[in-house]
Every structure is written in structure tokens, then in C-alpha cells.
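[1] sequence and predicted structure, then a few things I'm wondering about:
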Amino acid sequence: MHGIYYVILPLFAVLLVLLTTAALYMGVFRAHRDGASAARKALSGVASGALACLAWFFMYSHQYLGW
Amino acid sequence: MQHALRLLAITLAVLFALPGAGWAATDPHGLSPSADMTFLPHLAGLRNKTYKNQYGQKKSLSEAIVLRGSEIKDGAATVQPGGLFYLSETSHDARPLMRDPFLVLGEHACLVDLKTAMREYRDVALNKGDRAPLGDSGYRLWFDYSTDHYEVPYAEFAVISPSGGFPLEFPIASEFPKREEVRDIHLEEGLNPQLEKFYLDNTYYFGASRYVASKVGFDDAEFSSIAFPEITEATFSLQRPVILEVRQEDYRFYLNKRIYAFRRPDGFLIRVTNFTGGQVLAEKLVKPVTAQEYKTRPDQLDKYHLTIPELDMRVEIVMDPAFLKDSDFVPWSTGKAHGYSSGYFSFVVYRDLVTVKNGQPWPLDKRYNVVLEPNLKTGMLQRLVLENNEPVTFDKDHDAYAGPVKYSDVWNRTAFKVVVKDLDGDVARNIYVRDYYGMRTDNMVMWPNEGKADIDFFLGSSPVLEPIIERSFLTRLADSSYGTVVEESRFSSYPKVISDASFYEPDHTAPFVPRLGGLMRKVSRNRNNERLLSAEAVVIRGSYVDYRNGRIVIPPAGLCYTSRNARNIRTLAGESFFLLGRRAYLTTFSSGTFVRKDFDLDFWKNQPMGDGNLMYWQDELLGERNKALRYTGETYLDDRPVASLSLMKYSGNRWGAHFYLAQGFDKEKEAGDRYFMPDLFSEGATYIQPEYIGSNYVKIREFGTPSLQSISYTYNKPKSLALGAGESAGLGTFTLRCDAVDPQAGTLNLALLDKSGAVVGSKTVGPLDDAARRLLPQHMETARRMQFKVGAVMAELDVKHPFKDGKANLWLYTGIQELERDTPFEFDPRFMVRPDVCGHCYQLNEVLLDNPEPIVLDREHPVFEGPKNAQGEPLFRIVIDSFDGEMVQAWHIETGEKDELQRTDNLAFRPRNNVDVLVGVNGTIEGFLRLSMLPRLGFMDHWRVGSRAPHEKLSGSVNTGGSAHIRR
Amino acid sequence: MNTNSMAINYDLNRKSWFSSLYGLREVLPGLLAMFFIAIFSNNLAGVPNPFTLENLFAWLDGVIGPLHHQSFFQIMNSNFVWNPLLLGLILGNVFGVPDCWKRGLSYIHMLMPLGIIMLAPHFMVGHAFKLGAAPILICTAFLFLTATVTLWVSRLLRLDDRHGSIIAGGLATGDPHACAILMPLIKAKGGQVVHATACVIVFGLIAMQLLPVLGEWVGIPPKYLGLASVVGVGNGSQALYAAFGGGYEAGRWATWFDVGRHVIMPAGFLYVFIVMFVRKLRRRNDPEVLATRGVKTFPVWLGVFVFLWVLACLHVFKEPAHHAVFAMVKWDFSLAAAALGLSLSFREIAGHGFKGFAVTCIAGLIRIALLLAAILVCVKTGLLPA
Amino acid sequence: MSRHPHTTDEHGFDFMANTGREEQDRDCLGILFALAVMACVTVSQYLGLL
């Protein structure tokens, strides 16, 4: 592992979390619809973000810690 | 051709196995599987991992399944009790109070408790080659080989555990000056004359073990005592412990219980109660655990824990290291944990406790017995073995045998299943093992059409394989049934570049070519009719692809020609070796003792790059290009540092075993020390008197080791001649005249006359009396007295049968040439001469020729010629056939000329980023192969089936593939 | 609205090239679908997800045990194209494809040329030189021969020429990837591509059993049985299966000769495309001629691919960059194959019938016969040194 | 062509249809991205970042 990987891998982790957040936000909470209330949108955003972080936390720690 | 080679390999393997043929039906403990057993490095259910303990110390864990001593007869295969076993091993050891990780049938467990004792066997006698059982313990004592100094015997032994593993072979003798006498040596710094005494003790101390020899002969030996540790009981916790911060004078909830801690002057009173605190379940005064090792002593251990078996809990109190730094509980690890940042105490509560007893059945499966093997140095657990306690038979109706039942979080199930199918008369054609994931190995019969005459195998990459196959690994690696094994190397933007390859070993993935026409390997006999195996080899080390400039570079000392005999090469016995394909006879040698005083030796922990990439500036050189001393490993025995030092030869091999040194132990039992290690090292003529042994460096008061300055040799076979007083004979262009012979005094007077009759030189050869015989043949001064050398000719007294009928028996040498250390080779000044010495005895050990300047190979210069002989013919040529600037795609080495050109297979059959290679077999090559045995054997299987090797090398504790990680 | 009016709509709203990316809101659902199918199919660089189809297959491989030392799903050609395609196919057929995904899924048309261009550094012709002249010649000759024979047989059996071309590409290069690569060039339908891939794989299964037997029967030495497997079976693990069927020696040499087949793969699909393109130009008004129908001029991106292939052969892309680019190719094809899998129904694939398979078998068998004959002649005449 | 259930959405947009100006734009973008990625990777390598 050299140079550029130290930049790419964290960026990639951010991308994975964002994509998962988006998928949960739209696919599970369905908060992207126009009809959804602002509160619902905000709560769903936080919840999906948290879930995405949790999921990838376990994936990454499985990978790097070898649980 | 392929079949012939295969047959040859099998025959060799069988021959190798012959001494053990009688063992098949006997107790298999401490014995190896058959020499042709199958080794497969990988099965998913066998884990190979590195975990850390609570102090951040890394432990490499590995598992294996082994079957040994099997027999096939009339369509049925039988395995004796102890023949089929599962083995889990940790690097170094696992001890209580450390949360040391351990694998138990695939589960990550912690060792929490041990009960230990000592075993002693008195008056053990055995013959050379024997593996004598020590009582019914399953241990064996192995007499490997014997040799001599001044014709007095010394020998190598090993104590073999039931699994077949042993930590090292130790040299021992009964008739030489003892270790302590080294203290009387006082030499000047620099080159000194040869030591007359040869130091080798009759007692070998190895931490908790002690072996005392009473008589060591050439063919038999007796030990008055063999003492080593034993583990009677071990307790594992199959879960991660629960960690709760201690609240003084208060409690913490642990599930449905409370754990109280009350401060007392000498620890904490721990009280475990029910949920409400109304009922006291257990109570004990417990001292906090820290890293001091004496706490694991049997008389101390009990003070550090509260164990309640009926509640399945064990409570310890630890002082937290700084934020559990370096533990498996946090992903980042930045330093070595030993410091504690604060006084926080935590309960460590272990649950899912399993206690197993040595020699007793495994709790989940009565068909298997538990064997607990200690580290013979520390007495702590190194291996857990589960072996069958009843004979196992495979036949038409029983083609599978289940392994022990494993503990599991999901369901306790069989850990593996050995399947033997297609038993056909005296061979099996299909053997495989299925693990608890349901995944199976490839067929372990490599040539199913021919079948296999036993069902022995070793499955898994455990370092214990190395001692187990000690006697057959060379045959295995030299097996050419699959062609020349070439491991692909990965391209690297940052290739390992070194400016000088002295003291380096070749890349661990360097291809090994056991045979190449033109490189000699032959047996000869000396005057005493002893068998001598002489062999030549070629080694390339430290080479790399300089991809920025599109070239291949072999650094100085990178291209080595080496010639060696199976033991050191002695004068006065007409011993010969090969030099560039021709037999050369050793005539004289000049060597001395190189001494260094008052120097510091850094531990290799301090690696400047921080990436495990060792820099060799921590080597301490002992004489110019003679030997290098390294501090390669450090352990503690009851918190006293034990240094393991390595003496490296110029070729990159280690001389002998590690030297273990520690200070301050008392060998008297009354002192209460569990361990003893000597604070002096002596083996033959190499000795160390340390001033201070620390965990970080060793300060050495005096170190001495032999150094060889030059040798002389001749290609002409010496002639024998009996010469009486007044007689003369031709010697080259001269005339040799004998003036007087005195058999009583053991002397004779010789004179050398040239053509004109003028005396060119004269000498009184001898005296060959008892005093001289006590120092022959190794002592240089004494040996020289038996020789009369003038220029290129020499006459030598036959020291075995010096006089007969008033005549002296002489050996005449002509055409003598000199090889002086660090001078250009006579016939090819592109190469330098580096004769290497035996560290025991000052004799010639190895002749090396290497390049003082880097060798560059590229598109314009794809060929390099090796060292040339007197006729100007190179011994071999390095030929790069295809190189794309980054990876070598095809290259080979060839010998001979047009009509009889011999060439190796393509040594980059899979692309490689270096041209390191091992060609031929001699001691040097064997040493290199031994260092990379496990990854090499592991890769052979990938090669066999055409698969790619895994990206990450297995983390066996001995060899991990990259040579930088290996302790040498 | 039909597709034509959609195209007009696009032209009306178009501002620049980037208009084909649409808006983020429109494409995000489809992109997410492709992304998740991709990361649950393959172990992709930078994604630590252990729950992938690839890993599931690896476990099943362990349970089944090696067949001639090769794992079952490798023989079945499970790879970074096939896995997401399979997963997409299953998802699309079981749950259907929501309309909101479809804008995003259309990125497949951008990803295909992108991936193909990035494949270029993978084919370093120079790496084959180590094999020597005769094996290179055999690999090259049989590449073009197989493609020609397949096209000819498919015309004989009146197979849809798009389908025939895809089979020709896959069979000639010995790699089902080539089927997917040819898809945008030939303008083949997804069903045809998947069907052709299946044909090539299934024929590979037959050939890998047949070849060692035939090889031994005609007396080809093990070393060249390796060459015969690589050229006659192709398909990575299937070739190794065939070679190891003949013994370790043959198996080892198969890994050696494989580079010869590998580096000239682009020539295979370029050849098929050019033949079909020229044929279309000659017979502009023939309704039978469907292959490359939508391709008006020689595609620019193919030109870029050829240009980069030349650069690769001149060794511009050095070793670590080549690895990194290939990691990106895996990403790219995983995404594209996910979209392709979603676009197909099982009926569509099966609809292409048995004729395609017959074409594959006939062409493949002709190739094996000619190949064994050629190798035998070369060995006898000493062109291939023993 | 009739509406294909897997590939055509309610507005008649068929994601597997690829013709005309749209196709050219997609091809261009593909080329652009491919070249960008490869240039980036290759430059990283030459700068010693990889």
C-alpha cells in the first residue's frame, strides 16, 4: 500500500456510506417522495445514515480486525 | 521420463523411510508420518491467524490435522492409537493471566489456567539414529548424528514431543572442557592463534529443561538425566472475557450476579453474590494481575483469580494498560504495550470454561485423548493435541472416521472427517478430509492410478511441520515430478534493493533446481575411509528488477558459487572438494581466532523502517566478511531477558542453532528458580562471554570465533610413497630427499632439491608423538608440522600409518594453488575468493566465489558467464530469455557447450521480479531451504494444481514467506 | 410515447454530452440498484463486504471439492461479469424492475465502452513472445479460423446473424467475456448475448471432457495437450480442467500457453465486428442482415480501444497501473452486467433456442479436430519441440 | 416495438435502447471517463503514488 491508496480508501469508505444511506433513505424509508413531511425526511436521513455507518463499521472491522 | 522421475522420487522417499519401517505397528508418539506422506497446506476449517494477548503481544496460531504410522493391508487401512491427531499450536507459548489466545478446534479461545509439573528420566541409553521412548510419556530422545574433534566424539540430540515437534537439536559431549572454562580465555582483540581447547559441555540447559549426558560416543550415548516440564491440566475460556471497571467497596453487575471488590492491604476481596446481593456465592482475596511472569508459578497462581466452576466463571483483576493499546479490541495499535497509563482496575470475567487433562479423554468425545505439550523452554502451553485413543480402521464398509467433536457457538459438531475411499489391495486411491464447514481437500493421493501405500498426511500450515519432516524435506523439495517449481512474484513499485548481498539469504520464493549437469555432487572417501559427500551449488541472492531503468541487477556478492562437503574439509586426510567442476585436494589451511571485545549488539526490534524491513546495520561483523553476529530474538524467563543470538555466515546461513543466553539464574533448586539458562556460550571454538544481557541489547565482553585466511589446494591427486633414510623421489620438477627417519621420536628430515641439485628447502617433519596426536587433525600448527611445503609442491606424513619398516609413509602433492580470502580468483578476476570456516574447528567449510561488482542484465546484455576455470570456460551461464522491463518472463541457467548443453527449466515459468535462484544441493542450499521450508512446501501444492498462491502468506510462527520477518 | 419520440425528446432537451447522464434525482435509484447488485456479487476493490455471490460460490466450491483440481464454479465460469448478471437476472425476474430504476440503468451504455477501453492494458502482446513462434501462430490462426468457421456455420443454419457473431466472438477468443464486449458492437439483444455465453460455457463443459481423451487417443505429448486445451477449450478453468485431465504436466503447460490466447483476444472480437460491419455495408438493404445494423460508422470508442491497445503493447501502462486499471474494469463490468441482468426475462433467453447451441457445438468440434491435427503435424515435424 | 416490461418505463423510456444522438453522447462520455481514469492511474504510477 502506497501513496494514493491512503487517499482513495477513505474516500471510498465515505462513498459506500453515502450510497448506502441514499439506498436506505429512498428504498426503505421512502422519504424522497414529495409527499413526505420535513420531519420524516430529516428523521429518515439521520436513521439511514446511522444504519449505513453501522453496517459499514461491521464490514470494515470484520475485514481489518478479522473478527 | 516423468514416470521414471516419479519412481525415483518414491524410491528415495521409501529409502528415507526405511529406518522407520519397523515403527509402523509400534507406538507412533514422537514419530513422523511416513516420508512420502501428503502435505496439503490449506483447508478452510484449519485456521492460521495472528492474535494479540492483553498486553498486545502477537501470537501466531495455527492448526493442523496429522495422520501417521498407518498401514494398508488387504483392502483395510489401520491407524494405531496416537496416529490420527488434531494439533493447535501457538508461537512461543500461551500462559495464564495473559489472556493468551489459542485455537481450540477452530474456535478462538483464551488460555486461562495451567497446572504444571516436571518430568525426569534417569539413565537413558540409546544408539545413534534411535528415537528412544522416554517412559510412557510419548516423548522420545533422538540421537541424530555424531562427529568428532581431535577424534573425540560429540553429537546432536533432540527431545521430541509426542506430536513430533522439537524446538532445536542440541550439541552435547562428555569429554571436552566445560562451558565455564571459557572464562579462562583471555585473548587480544583481532586475529589470534587457534585455540587448542574445544569447549563443549555435557549439560544442555534450555530454560525449564535440562539434559545431562554421562557418556557420548560415536555410536551410542547415555544420559544420566533428561528433565523437562509437563502440563497436567489446562483451562480454556471459549468466549471473549467480560471486562468491567472495578468500583472499590462497591459492586458491578455481571449478568444476574453482583461482583463486589473490597480493598484490602494485599489485594481485593472479591465477593460474588446473587442479583440482589443477599446471597454470597463465593468470596476470595485476589491480587491484581500485571505482566510479571513469576505470577504464573504454581505457588503463586492461586492468588490471582477467583474461579467458581459451578457458575462457570473465573474472575481476575487487571490493571488496564493504556487504553488497551495493542489489544484486539481496538483496531489501531501504535506501540509496545507494557506501560500502564493509570491505575484503573478492571474485572476480567472469563466464562465458557473448559478444563482438559493431559492423557485424559477430550470432554466432548471419548474417542480422543488430550495431550498438552509445553514449550520445553518455558514450561507453558505450546501445543494442544487431540489424538485417537483406539485403533482406527478404514475399509470397504467404513470409509470415514470422524474427528473430535468441537465446541461451537452454533452447535457442537465433528471438527473434521477423514475419508479413505477406493482401498485396493495394499494401496489407497482417494483420501480427503472434510472440515466442519463441509469443505473438503483435494484428493490427497497425488497419483490415484498408482495409489498410495499408506494414508499418512499432514494437513494445515503449522510450523511444527518443520521438525516433523526434518529428515525428508530435502527429498520432498527436490522431487521433480512436477518439474521445477517456480513461484510467481508480485510486481512491486518499491523492490527490495540492497547495495551488497553479503550475509543475505536468497529470496524465499527463489526457484530451487536440485540437479543441473555440470554442477558436481559425488561421494568420495578420505584416507580413513570415511564417506564424504562433496557438492557444488550456485546461489543468486538479493537480485531485483530495476524497472525504472528496465534492467535486472545482481548486487555485489549476489552471484555466489559455493562448494562444500557434508562436513568440514580437513587436511592430512587427503580430503577433496569440487572447484569449478573438478575435484580439488585440500593441502593446507591457515586460520586463527578472531576476537572482538567490549561491543554492543542491538536487538533487531529497533527496525529503522518500522515496516519489518530489516536493515543490516545492526549486524556486528566479526572480521572482514567472516561472520556477523545478530541479536534476533528476545524472550523472558521469569522476567529475566533471554537473548537469542545468531551467528551468520557470509553465505547468509546461520551457523548452528541460536545461542540462548541469560544472566542471574541459579541452577540450584534451593534458589527456587524455575528456569536456568547459562550466561556463557561455548561450542567448539566459538564462545561468548557477555557482560550484560538486556531485552534491548547485549553488551559483550569477549567474543571469539574462527576465521580462515587462506587455503591451498591442488587438482592433482596426491600420491603415496614410502621413503627411507637416504632415499629420494621426484616431486614435481624437484627431487625430494629423505635424510633421516626416527620412528621413535616420530620425526623425519626432508630436503627438496632442484634440478641442479641445490637444496631449495629442508625441514624436520614431526614430531608425531602423543602430544601431537591429541591435537590432530584440526590443530593448524600441529598439522603444519606434519607437512613440508615449498611453493607448489608438498610432502606430508601419513599420520595414521606414519612409519613402516624404517620407512616413512608420505603423500606427495604437486601443482598446489593458493586461495586467499578477499583476493580475485586466479582464473577469473571478476570473482573474489571467500573461503568460509567451520565455527567449531577452524577447518575449511565452504569455498565461495562471488562478484565484487554488481551484475547488470538487460536487453543488450541478456547473458552473464559464471566463474571461469583455467581454460577460460565458464562453469555456467545466466541467460535472460524474455524480460519486459518489469517482470522476468523467461530465463534459465545453462552449463556445458554446444553439443552437451544442459539447461534448467524456465526459472520464470510464472513471471518473477528477481532472478534469485538455488541450483544444486549442498549444505548452503539446504540451510536456505530450511528457512523457507513451510512456504515452499505450501506453494508446491498450488503449483501442482495450477492455482495461484494466496496474496497473503500464512502466518506460521517460523516462516512467513518474506525473509525480512524471519528470525535467523 | 415510443422510443423514437423519446429520442426526439432527448435531442430537444440536449445541452451537451453530459445530458445523457440526466439528473441525479432521476438516475440515483437505478445506479443504486446496479451498485448493490455489484457489491453483493463480487469482491470488488475497496469494498469489504464479505456477503458476496463470489464468496458463496467459493464456499460451495469447497463443499463440492475440486474436479481435476479446478473448482466447480470456476469451471462454470463464475466471474465478475457472470455473477452480477445472474443476480440481476434473478432479481429482475422475481421482483420485476421498478420504473424509477430505468434511467439509471441506462448507464450501461456508457459503462460498456468505458470498461472495454479500460481492458486495453490487459492485453500485452509482448508477453506472448516467450512462447516462441509456433504456439503463437497456432493461437492466432485458430482464433481467426474459429471465428470464420462459426460465422459460416451460423449462416448455414440460418441463425440470427447477431447471435452468430456473438457466439463467434466468444468461441474464438475462448472467453465468454468477449460476448459481452461484442454486445454494443454488434447491437445484439441482451437475450442473445446471455444465450451465446451459456452456449460457449456449455460447449466448454463438453469440450473439456472430450479433449484429454482425444488428445491421448491421437498421441499428443502432455506439454502440447496444454496448448490444445488452451486453444481448443479456452475459458480459463475449463481449459485447466481439460489439461489436468491429461495430467499435471499438461496442466502446468496450459497455464504457460494461456498467455498466447489471452493477449490476442482483442483481435478476435475486432475481427468479428469488422467482418460483420463490412458485410452490413455491402448488403445495406438486406433485411436478413441485422448485425451492426445500428452502427453507422466505425465507433470512435473502438478506435480509442485499439489506440490504447497499441499503447499497452508499447508498454506505456506499467505493472501497478495495469492492476489498478483492472480493478476498475471489474467495477465497471460488475455494474454493467447488473443492468444487463435486470433487463432480461428468462423467456427471452430461452427463446433463442437450440440452434445457437448447435452452431457452437459444430464450430467448436471442427476447431478441436483441426487443432489436434495441426498440433500433431507440428509435433511430428519438430515445429513444436518436445 | 412494443413496450418491454423489463426495460421500458411508464414514459416509454427504454433503457436498453441506445440510438442516435443519445448513443453518441454516451459513447463520448464513456471514452472521456475511461481516459480520465486511465490517465489518472497512469500518472499516479509515474509519480510514484501507486
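    Now that the structure is in, tell me what you want to look at.

[2] now the strands for the stretch 651-800 of chain B?
    For the stretch 651-800 of chain B, the strands defined by DSSP state E, counting those that start in this stretch occupy B:659-661, B:681-683, B:686-693, B:697-714, B:719-723, B:728-731, B:734-742, B:747-753, B:759-765, B:787-790, B:793-797.

[3] how about the longest one: buried residues?
    Using 16 or more other Cβ atoms under 10 Å in any protein chain shown as the test for burial, strand B:697-714 gives B:697-698, B:700, B:702-714. Where you see a C-beta, it was placed from the backbone N, CA and C, and this is true even at glycine.

[4] and stretch B:373-393, by the same measure?
    B:373-389, B:392.

[5] out of the residues you listed, which sit inside strands?
    Secondary structure of the buried residues of stretch B:373-393 is defined by DSSP state E; positions in strands are B:373-374, B:381-388, B:392.

[6] and the most centrally placed residue in chain A, what is it in contact with?
    Residue closest to the average C-alpha location in chain A (Cα atoms, centre = their mean): A:Val17, at 2.6 Å. By Cβ atoms under 8 Å, 6 or more residues apart in numbering or on different chains, the contact set of A:Val17 is A:49, A:52-53, A:56.

[7] pLDDT below threshold where in chain D?
    D:1-3 (pLDDT under 70).

[8] quick check, nearest of the buried residues of strand B:697-714 to chain D?
    B:Tyr697 (35.9 Å; Cβ to the nearest Cβ).

[9] what count of nearby residues applies to the residue in chain A that chain C sits nearest to?
    Nearest residue of chain A to chain C: A:Gln63, at 3.5 Å (Cβ to the nearest Cβ). Neighbourhood size, A:Gln63 [other Cβ atoms under 10 Å in any protein chain shown]: 13.

[10] that one - that's part of a helix, no?
    Yes. The assignment for A:Gln63 is a helix, going by DSSP: H, G, I helix; E, B strand; the rest coil.

[11] so the closest residue to it other than its chain neighbours, which state does it fall into?
    The shortest distance from A:Gln63 to any non-neighbouring residue, by Cβ to Cβ, 6 or more residues apart in numbering or on different chains, is to C:Pro48 (3.5 Å). The three-state label given to C:Pro48 by three-state DSSP is coil.

[12] what residues are up against C:Pro48?
    A:56, A:59-60, A:62-64.

[13] just the pLDDT for it.
    pLDDT, C:Pro48: 90.

[14] what does the stretch 401-550 of chain B have sitting close to chain A?
    B:493-494 (Cβ under 8 Å from any Cβ of the partner chain).

[15] actually, chain C.
    Within reach of chain A by Cβ under 8 Å from any Cβ, chain C has these residues: C:28-29, C:32, C:35-36, C:46-50.

[16] between the residues you listed, which is nearest chain D?
    For the residues of chain C next to chain A, the nearest to chain D is C:Pro29 (11.1 Å; Cβ to the nearest Cβ).

[17] contacting residues around the closest one?
    Going by Cβ under 8 Å, 6+ apart, the list of residues near C:Pro29 reads A:26-27, C:98, C:100-101, C:104.

[18] can I get these in JSON lines with secondary structure, neighbour count and pLDDT?
    Conversion of the contacts of C:Pro29 to JSON lines gives the following (DSSP: H, G, I helix; E, B strand; the rest coil; neighbours: other Cβ atoms under 10 Å in any protein chain shown; pLDDT from 0 to 100):
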{"residue": "A:Met26", "secondary structure": "helix", "neighbour count": "19", "pLDDT": "91"}
{"residue": "A:Gly27", "secondary structure": "helix", "neighbour count": "15", "pLDDT": "89"}
{"residue": "C:Pro98", "secondary structure": "coil", "neighbour count": "12", "pLDDT": "91"}
{"residue": "C:Cys100", "secondary structure": "helix", "neighbour count": "18", "pLDDT": "90"}
{"residue": "C:Trp101", "secondary structure": "helix", "neighbour count": "22", "pLDDT": "92"}
{"residue": "C:Gly104", "secondary structure": "helix", "neighbour count": "22", "pLDDT": "92"}
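
[19] closest to chain B out of the residues you listed?
    Using Cβ to the nearest Cβ, the contacts of C:Pro29 come closest to chain B at A:Gly27, 30.0 Å.

[20] check the secondary structure at the closest residue to the closest one other than its chain neighbours for me.
    Of all residues not flanking A:Gly27 in the chain, C:Leu32 sits nearest, at 7.4 Å (Cβ to Cβ, 6+ apart). Three-state assignment for C:Leu32 (three-state DSSP): helix.

[21] and C:Leu32, what's its pLDDT?
    96.
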